[in-house]
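**Q** Show me how the following folds:
(2 chains)
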Amino acid sequence: MTDGTQPPYDFPAYTSTIKRHPKRALIEAPQTLSEVTGPTFASPWYGPNATDLSRVDGREAQGQRIIVAGRVLDEDGRPVRGTLVEVWQANAAGRYHHDGDQHDAPLDPNFIGAGQAVTDDEGRWRFLTIRPGAYPWRNTYNAWRPAHIHFSVFGPSFATRMITQMYFPGDPLLETDPVFHSIPDAAARNRLISAYDPQLSEAEYALGYRWDVILRGRGATPVES
Amino acid sequence: MAIPTSSQTIGPFFRAALERPAWSDLTREGVAGEGVRIEGTVYDGDRTPVPDALLELWQADANGSYTHADGRFRGFGRACTDHDGRFWFRTIVPGPVPGANGAVQAPHANLTIFARGLLKRLVTRIYFGDHAEENVRDPLLASIEDAAVRATLIAPRTEHAGGIPVYTFDVVLQGAGETAFLAI
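**A** Predicted structure coming up:
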């Protein structure tokens, strides 16, 4: 996938890549059973769905309530059913529930910012949360990450496993964010931006944002005999 | 054809959602096969340990099957590195797995690495050092001409009196001893 729709490993504007990108070319490995199989989520061994991030023990988090929903699809537009989607995000003030986040912004005891859902038969998932704040990071002086929600998605095989970030429309920080701009292809980059969806909004309750995840196909599928 | 969604880094703050300590032990519900431990350290290009990586293992069962029909051993594990960049899995050595064109692949576990500073995941394989004869015949290992690069995929086995055998597999993201990473 060198068509510019995926980021490179080496992207110095995101300074953490400098010492963490491999320098040798990747070794081309043909797809075998090892790559076209993957963990399944048919039984709830991974724990129950947790799709309401907007409160802890019934106490509401600070911030603008939002509903974020979409589908996981494959390259042919078919729904990816029964796959695990895990999400995490900063609170409304731009701080993560994480020991390593030293940003001097308030923690919210009613917001952990972690959720999970298994897609339904149409590949759908849906979370109720609050809009994450932007947060400063030390990549360069006075750098701020645009508001985003992290998404971890499995798909049907080891080969389809991926992690990405969903952004919000109209965020001025997207213009300069090196993580976002690590994706060379502008159209691909912009597909990480969710769309405000009035159909998804709930009156006098929460704003709706829609966003789909497209996973690569299985490729040629070796059969386990 | 729709174009697959672009990858972005896992970032440093994934633990609240993704850290599942129990998942380091693939044998936690019981499994047939010899119990072993795979452990190692993730290093960056300065040989500094990487304390914010997430690793996932995917492997066949002792018979070399990925079907995992028995429902207890799922062949999937996840581990986060600790402050010293270390990770571990408890698992079993998988059986040999069918490869392309009737070839047999040596026993191996497939490994994914996510970390801050990785805009997309890295993929590699862990082969088992005491399976030397099978490793020599493995199609992927055989395709790697440089013996030193090939050796980065083979975890040496250490016996521990009174404990389970340990396979050591360090992940070197960059530079001297850089792990062989795969395009799949």
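**Q** Please name the strands paired to the helix or strand where B:Ile126 lies in the sheet, noting orientation.
**A** Assessed by DSSP states H and E, B:Ile126 sits inside strand B:122-128. Here strand B:122-128 has these sheet partners by DSSP bridges: strand B:108-115 (antiparallel), strand B:154-155 (parallel).
**Q** what is the rounded mean pLDDT of it?
**A** The average of the pLDDT scores along strand B:122-128 is 98.
**Q** List the buried residues in it.
**A** Taking 16 or more other C-beta atoms under 10 Å in any protein chain shown as the neighbour-count basis, strand B:122-128 is seen to contain the buried residues B:Leu122, B:Val123, B:Thr124, B:Arg125, B:Ile126, B:Tyr127, B:Phe128. Heads up, the C-betas are built off the backbone N, CA and C, glycines and all.
**Q** before we move on, the earlier item: name the stretch among the strands paired with strand B:122-128 that sits most buried.
**A** With neighbours defined by mean count of other C-beta atoms under 10 Å in any protein chain shown, none of the strands paired with strand B:122-128 is more surrounded on average than strand B:108-115, at a mean of 25.
**Q** what's the pLDDT at the most centrally placed residue in chain B?
**A** The C-alpha lying nearest the average C-alpha coordinate of chain B belongs to B:Leu111 (C-alpha atoms, centre = their mean; 3.4 Å). Listed pLDDT for B:Leu111 reads 98.
**Q** From the buried residues of strand B:122-128, pick the one nearest A:Tyr46.
**A** Of all those, B:Val123 has the smallest distance to A:Tyr46: 21.5 Å, by C-beta to C-beta.
**Q** which residues touch the closest one?
**A** The neighbourhood of B:Val123, defined by C-beta atoms under 8 Å, 6 or more residues apart in numbering or on different chains, consists of A:Ala29, B:Asn110, B:Leu111, B:Thr112, B:Ile113, B:Phe181, B:Leu182, B:Ala183, B:Ile184.
**Q** Kindly reformat the buried residues of strand B:122-128 as TSV containing distance to A:Gly47.
**A** Compiled in TSV, the buried residues of strand B:122-128 are given as follows (distance: C-beta to C-beta, whole Å):
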residue	distance to A:Gly47
B:Leu122	27
B:Val123	26
B:Thr124	28
B:Arg125	28
B:Ile126	27
B:Tyr127	32
B:Phe128	31
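**Q** Which of the three states applies to A:Ile163?
**A** Remark: A:Ile163 carries the secondary structure label strand [criterion: DSSP: H, G, I helix; E, B strand; the rest coil].
**Q** Quick one: end-to-end length of stretch A:4-12, please.
**A** Using C-alpha to C-alpha, to the nearest Å, one end of stretch A:4-12 lies 17 Å from the other.
**Q** so, in contact with chain B or not, it?
**A** Yes: when contact is scored as C-beta under 8 Å from any C-beta of the partner chain, part of stretch A:4-12 falls within range of chain B: A:Thr5, A:Gln6, A:Pro7, A:Pro8, A:Tyr9, A:Phe11.
**Q** buried set for that stretch?
**A** Along stretch A:4-12, the positions that meet the burial threshold by neighbour count (16+ other C-beta under 10 Å) are A:Thr5, A:Gln6, A:Pro7, A:Tyr9, A:Phe11.
**Q** That one - what's its average pLDDT?
**A** In this model, stretch A:4-12 has a mean pLDDT of 98.
**Q** how distant is it from the center of its chain?
**A** 17 Å (C-alpha atoms, centre = their mean, to the nearest Å).
**Q** and if you look at stretch A:128-145?
**A** For stretch A:128-145, the separation from the chain centroid amounts to 15 Å (computed by C-alpha atoms, centre = their mean).
**Q** can you pull the buried residues of it?
**A** When burial is assessed from 16+ other C-beta under 10 Å, stretch A:128-145 yields the following buried residues: A:Leu128, A:Thr129, A:Ile130, A:Arg131, A:Pro132, A:Gly133, A:Ala134, A:Tyr135, A:Trp137, A:Trp144, A:Arg145.
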